[in-house]
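1. Please work out how this folds:
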Amino acid sequence: MTQPLTRPDGSAIRALVVDDEEMLADMLRMALRSEGWETRVAHDGQTALKLARETPPDVVVLDIMMPGLDGLTVLRRLREAGNDCPVLLLTAKDAVEDRVAGLTAGGDDYVTKPFSLEEVMARLRGLVRRSMRAAGDEGPIVRVGDLTLDEESYEVERAGHPIQLTPTEFELLRFLMRNPKRVLSREQILDRVWSYDFGGRAAVVELYISYLRKKLDAHGPGMIHTVRGVGYSIRPASP
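-> Numbering: from 1, shown residues only. Just a heads-up that it's a prediction; the model follows:
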């Protein structure tokens with residue numbers, strides 16, 4: 001049996017579910033509680049913000065399409081208030097613009113309705129694990145093997161060698177490094193780094209991956225790996 005996820009102090013993960021569909025929200029609450037997570041539910045945006053102020057959550061499941069205060073507004077207000085916990089967005093099946101807008105506003109991942117509870121739980125576990133690892137880092141430094149990235153100074157080094165990157169290269173590398181060993185699809189990279197859908201023109205991703213590889217590989221073994229037909233991942237170089 002796998003060890004349940006907990007906060008660093010051993011207490012239960014705190015989750016907040018925000019969805020105006022009461023049956024769906026209750027289903028998510030039961031699934032999260034079965035994981036041992038402390039779960040609160042809000043059916044509107046104002047209540048969600050109130051609950052988040054009272055007890056800051058470790059992770060949020062947030063529906064984008066809600067009457068009144070919609071999900072994107074809730075997300076922006078959470079970020080403006082300094083809450084940087086991971087947010088999993090729930091979107092309509094074909095609402096590409098909503099997905100892009102949500103990721104641009106500070107969302108971390110999304111699933112489309114209808115979805116399976118297994119998929120939602122897998123995404124949430126991944127978000128929480130990465131968030132806990134990031135919280136353990138000192139300051140804004142992201143590390144993968146001998147590669148470091150400073151999110152405040154925009155400096156990148158590998159094995160002590162500074163690496164000059166363009167803004168787009170930096171954002172692509174940051175996305176990869178914030179998800180170490182995870183295979184990221186071209187669609188996810190386009191949505192997150194370029195903030196809109198290129199209509200399937202995956203060549204732009206391949207081009208920038210090649211730029212990054214050239215600069216990183218100049219100071220050590222390859223770190224960015226291609227999973228054919230799936231996407232790309234970054235991992236520490238083999239000794």
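
2. List the contacts of M121.
-> A31, L32, E35 (Cβ atoms under 8 Å, 6 or more residues apart in numbering). Using the backbone N, CA and C atoms, a C-beta is placed for each residue, glycine as well.

3. now do D109
-> D109 makes contacts with P86, L88, L89, R123, G126, L127, as judged by Cβ under 8 Å, 6+ apart.

4. and with 10 Å instead?
-> Applying Cβ atoms under 10 Å, 6 or more residues apart in numbering, one finds that D109 lies in contact with 86-89, 99, 102-103, 123-124, 126-127, 130, 179, 188, 192.

5. Top of the contacts of M121 by number of neighbours, please.
-> Within the contacts of M121, most neighbours by other Cβ atoms under 10 Å means L32, with 24 neighbours.

6. What residue, apart from its backbone neighbours, is nearest that one spatially?
-> Among residues not flanking L32 along the chain, T39 sits closest, at 4.3 Å (Cβ to Cβ, 6 or more residues apart in numbering).

7. In this model T55 seems to touch the one you found, though I could be wrong.
-> No. Counting by Cβ atoms under 10 Å, T39 does not reach T55; the two are 11.1 Å apart.

8. Now for those two: what residues contact both?
-> With Cβ under 10 Å, 6+ apart, T39 and T55 have common neighbours R14, L16.

9. counting residues per helix, which one in this structure is longest?
-> helix 117-136 (DSSP state H).

10. Please identify which pair of the contacts of D109 lies farthest apart.
-> R99 and R130 (19.3 Å; Cβ to Cβ).

11. Compare the two (neighbour count), which wins?
-> Neighbours around R99 and R130, counted as other Cβ under 10 Å, are more numerous at R99. The numbers are 23 against 17.

12. For stretch 20-37, list every residue counted as buried.
-> By neighbour count with 16 or more other Cβ atoms under 10 Å, stretch 20-37 contains the buried residues D20, L24, A25, L28, R29, A31, L32, E35, W37.

13. List just the nearest of those to V61.
-> Nearest to V61 among the buried residues of stretch 20-37, with distances taken as Cβ to Cβ, is L28, at 6.0 Å.

14. looking at it, that closest one is touching E119, isn't it?
-> No. Judged on Cβ under 10 Å, L28 makes no contact with E119 at a distance of 12.0 Å.

15. what phi and what psi does the backbone show at A12?
-> phi -70, psi 140 (degrees, to the nearest 10).

16. Report how many residues lie close to it.
-> With other Cβ under 10 Å as criterion, A12 counts 16.

17. Show me the contact partners of the helix or strand hosting A31.
-> Assigned by DSSP states H and E, A31 falls within helix 22-34. Outside of helix 22-34, the residues within contact range by Cβ under 10 Å, 6+ apart are 12-13, 15-19, 21, 37-43, 59, 61, 63, 90, 113-115, 117-118, 120-121, 124.
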